[in-house]
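Chemist: what would the 3D arrangement of this be:
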Amino acid sequence: MRARRAASLTMCAALAALGGCAAGPDYRRPDPPAIAAYRPVPNDTQHYRLDGEIPAQWWQVFGSADLNTLVERALAANPNIDAARAALRQAQENVAAQRGAFWPQAGAELSPSRQKIAGNLTSPLSSGAGLYSLHTAQLTVAYAPDIFGGNRRAVESLSASADVQAFELEAARLSIASNVVMAAFQEASLRGQIAAAENLAGLQMQMLNLARRQFELGAIAKAGLITQEAALAQTRALLPPLRKQLAQVRDLLTALVGDFPDQELAVRFELDHLALPQQLPLTLPAQLVAQRPDVCAAEAQVHVAAAQVGIAVANRLPQFAIGGGIGSVAARLPDLFKSGTGFWSVIGSIAQPIFQGGALAHRQAAAQAGYEQALAQYRATLIAAFQNVADTLYALDQDRDALESATAARDAAERAFAIARRQTELGDISQFALLGIEQTYLQTLIVEVQAKTNRYADAAALFQALGGGW
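Modeler: Numbers count the residues shown, from 1 in each chain. Next up, the predicted model:
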């Protein structure tokens, strides 16, 4: 048994020297999830382009040149993206640095010294001087053969870490683009709500003036007047929070493009200047694993953890090293490299850990636990990604129904207002009744603005949930 094990180790060492064997488990990608759909397929699927390709500049589908410009500006200037790019470069340089361990390490050294020996000792010089100078020049070469692949596993781990940073960069780009788009939609929604509320407040002011005249004439009771005053105050109370939100959204957009709040944006967003895409791409569930940068980053973390197990295993195996040096030593600097001053050495070593209090075994167990943790986190990220898409699809279905209902309510209120206005011209109803019908119409406008904004926002959320078009 021992002979067979020794033969196996010898064969593994020989293969490793040729790059064919490395300690620890070889990384294998997790199996893709066996699901056919994100959620039960909706009855009405004409709004989705099944297995459609997501465009790289997906925000362009909303038909706003200002939005396109702002997103591109944010992607070029946002400091979070700059930080992600720097982190990627750092990871790539760490990989290149670790690859240097595959090569022999050489160094040159010049060591001048001034020494005095005790009088009762013999001088190392032929002159017998007790005070002398010594100059040493040498070239050293050291090489650690990667017999069991510990360095290869280290390079593998760092390469996977660089992959993580690459996916983090894509995730940062997707997040910034999505945040700009969502903030632009929110600004458009707030402007629409503010305009409707201001119009509503203006109508309520007219109704209040009419109610005051009617009260003076004794046509209505005091309660009717107070009711109109309360309605106007309630509408006016809506405006400060809406204006505060609008200012904060503008500040958010300014920050997303890398500017400070005192630098006012030149663009404004209105719902009328945006286009709602008639069709949305819906990729197959199997493609989501490769499209979502957070899922790809989680998978790369699994690769990092797997390579760490290999490093821990290699640390428990013999470590080989070869070194040597050549140089010259002389009492006078001009005598360096003369005949008789040269020296050389060749050193080889094999080090096998024998007893370290179980530290190496526990480190391997810790690395294995880290690998299992990374696998669990990958699965959690994958489940969350599919949940995200399913939630967004459900929201889009409901958004469509909500917008259709809101539009129908607005159309009905608009027709009622047109009829009431004609009746007022004919003297069939009072001006007070007309203003009440117009108030209902403007209220339906606010609801429609909110419903339309939700559909814009959830359409953008679908692009984000599917991973963008990177």
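
Chemist: same for the helix or strand Ala183 falls within, what does it pack against?
Modeler: Assigned by DSSP states H and E, Ala183 belongs to helix 150-216. Applying 3 or more CB pairs under 8 Å, 6 or more residues apart in numbering; DSSP states H and E, one finds that helix 150-216 makes contact with helix 65-77, helix 79-99, helix 222-256, helix 293-314, helix 431-465. To be clear about C-beta, it is placed using only N, CA and C from the backbone, and glycine gets the same treatment.

Chemist: identify whichever of the ones you listed lies nearest to Ser113.
Modeler: helix 79-99 (33.0 Å; CB to CB).

Chemist: parallel or antiparallel, which strands does the helix or strand that comes right after that closest one pair with?
Modeler: Note on helix 79-99: by DSSP H and E, the next helix or strand toward the C-terminus is strand 105-116. With DSSP bridges as the test, strand 105-116 is paired with strand 131-143 (antiparallel).

Chemist: and the strand it pairs with, how far out from the chain middle?
Modeler: Relative to the chain's own centre, strand 131-143 is displaced by 52 Å; criterion: CA atoms, centre = their mean, to the nearest Å.

Chemist: and it, average pLDDT?
Modeler: Strand 131-143 comes out with an average pLDDT of 91.

Chemist: next one, pLDDT for Gln115 please.
Modeler: 86.

Chemist: hmm, I typed the wrong one, I wanted Leu232.
Modeler: Reading off the model, Leu232 has pLDDT 87.

Chemist: find the residue closest to it in space, skipping its chain neighbours.
Modeler: Gln204 (4.2 Å; CB to CB, 6 or more residues apart in numbering).

Chemist: what does Tyr378 give?
Modeler: Ala298 is the one closest to Tyr378 (CB to CB, 6+ apart), at 4.2 Å.

Chemist: ok, now Asp458?
Modeler: Ala395 (4.6 Å).

Chemist: distance of the one you found from Asn454?
Modeler: Distance of Ala395 to Asn454, given as CB to CB, to the nearest Å: 8 Å.

Chemist: bridged to Ser133, which residues?
Modeler: Arg114.

Chemist: quick check, it in contact with Ala330.
Modeler: No - contact status for Ser133 versus Ala330: not in contact, 9.1 Å apart, counting by CB atoms under 8 Å.

Chemist: give me the more crowded residue out of these two.
Modeler: Neighbours per residue (other CB atoms under 10 Å) separate Ser133 from Ala330, with Ala330 holding more: 18 against 13.

Chemist: per-residue pLDDT, the more buried one?
Modeler: Ala330 is given a pLDDT of 90.

Chemist: what sits against it?
Modeler: Neighbouring residues of Ala330 by CB atoms under 8 Å, 6 or more residues apart in numbering: Leu134, His135, Leu336, Lys338, Thr341.

Chemist: separation between it and Gln115?
Modeler: Counting by CB to CB - Ala330 and Gln115 are separated by 14 Å.

Chemist: which neighbours do these two have in common?
Modeler: What both Ala330 and Gln115 touch, as defined by CB under 8 Å, 6+ apart, is the set Leu134.

Chemist: on that earlier part again, residue contacts, the residue nearest to Asp458?
Modeler: Per CB under 8 Å, 6+ apart, neighbours of Ala395: Asn454, Asp458, Ala461.

Chemist: now the closest residue to the first one other than its chain neighbours. Its backbone dihedrals?
Modeler: Spatial nearest neighbour of Asn454, excluding adjacent residues (CB to CB, 6+ apart): Asp399 at 5.0 Å. The phi and psi torsions at Asp399 (degrees, to the nearest 10) take the values phi -60, psi -40.

Chemist: tally of neighbours for Asp399?
Modeler: 20.

Chemist: wait, it sits on Thr453?
Modeler: No - counting by CB under 8 Å, Thr453 is not a contact partner of Asp399; they are 9.5 Å apart.

Chemist: show me where the stretch 251-400 of the chain has helices.
Modeler: Ranges of helices within the stretch 251-400 of the chain are 285-291, 293-314, 359-426, based on DSSP state H, counting those that start in this stretch.

Chemist: the first one packs against which elements?
Modeler: With contacts defined as 3+ CB pairs under 8 Å, 6+ apart, helix 285-291 has these neighbours: helix 293-314, helix 359-426.

Chemist: give me the contacts around stretch 379-394.
Modeler: So stretch 379-394 is in contact with 30, 33, 35, 38-39, 42, 282, 285, 288-289, 292, 294-295, 298, 458, 461-462, 465-466, going by CB under 8 Å, 6+ apart.

Chemist: list only those of the residues you listed flagged as buried.
Modeler: 38, 282, 285, 288-289, 292, 294-295, 298, 458, 461-462, 465-466 (16 or more other CB atoms under 10 Å).

Chemist: from those residues, which single one is nearest Ala255?
Modeler: Ala461 (20.9 Å).

Chemist: is it true that Gln439 touches Gln204?
Modeler: Yes - between Gln439 and Gln204 a contact is recorded at 6.7 Å, counting by CB under 8 Å.

Chemist: out of these two, name the residue with the larger neighbour count.
Modeler: For Gln439 and Gln204, the more surrounded residue by other CB under 10 Å is Gln204, and the numbers stand at 25 against 19.

Chemist: which ones are touching that one?
Modeler: Counted by CB under 8 Å, 6+ apart, Gln204 has contacts Gln228, Ala231, Leu232, Thr235, Leu435, Gln439.

Chemist: mind redoing it with 7 Å?
Modeler: Contacts for Gln204 (CB atoms under 7 Å, 6 or more residues apart in numbering) come out as Gln228, Ala231, Leu232, Thr235, Gln439.

Chemist: lowest-pLDDT helix or strand in the chain?
Modeler: Least confident helix or strand of the chain, by mean pLDDT, DSSP states H and E, is helix 2-17 with a mean of 41.

Chemist: what's next to the following helix or strand past that one, contact-wise?
Modeler: Next helix or strand after helix 2-17 toward the C-terminus (DSSP H and E): strand 48-50. Outside strand 48-50, the residues that touch it by CB under 7 Å, 6+ apart are Gln279, Leu280, Pro281, Leu282.

Chemist: pLDDT wise, what is the residue most central in space within the chain at?
Modeler: Against the mean C-alpha coordinate of the chain, by CA atoms, centre = their mean, the closest residue is Ala171 at 3.0 Å. For Ala171, the model assigns a pLDDT of 96.

Chemist: circling back to that earlier point, what's the closest of the contacts of Gln204 to Gln165?
Modeler: Nearest to Gln165 among these, with distances taken as CB to CB, is Thr235, at 51.3 Å.

Chemist: tell me the contacts of that closest one?
Modeler: Ala197, Leu200, Ala201, Gln204.

Chemist: what subset of those residues is buried?
Modeler: Judged by 16+ other CB under 10 Å, buried ones among the contacts of Thr235: Ala197, Leu200, Ala201, Gln204.

Chemist: many thanks, I have nothing further to ask.
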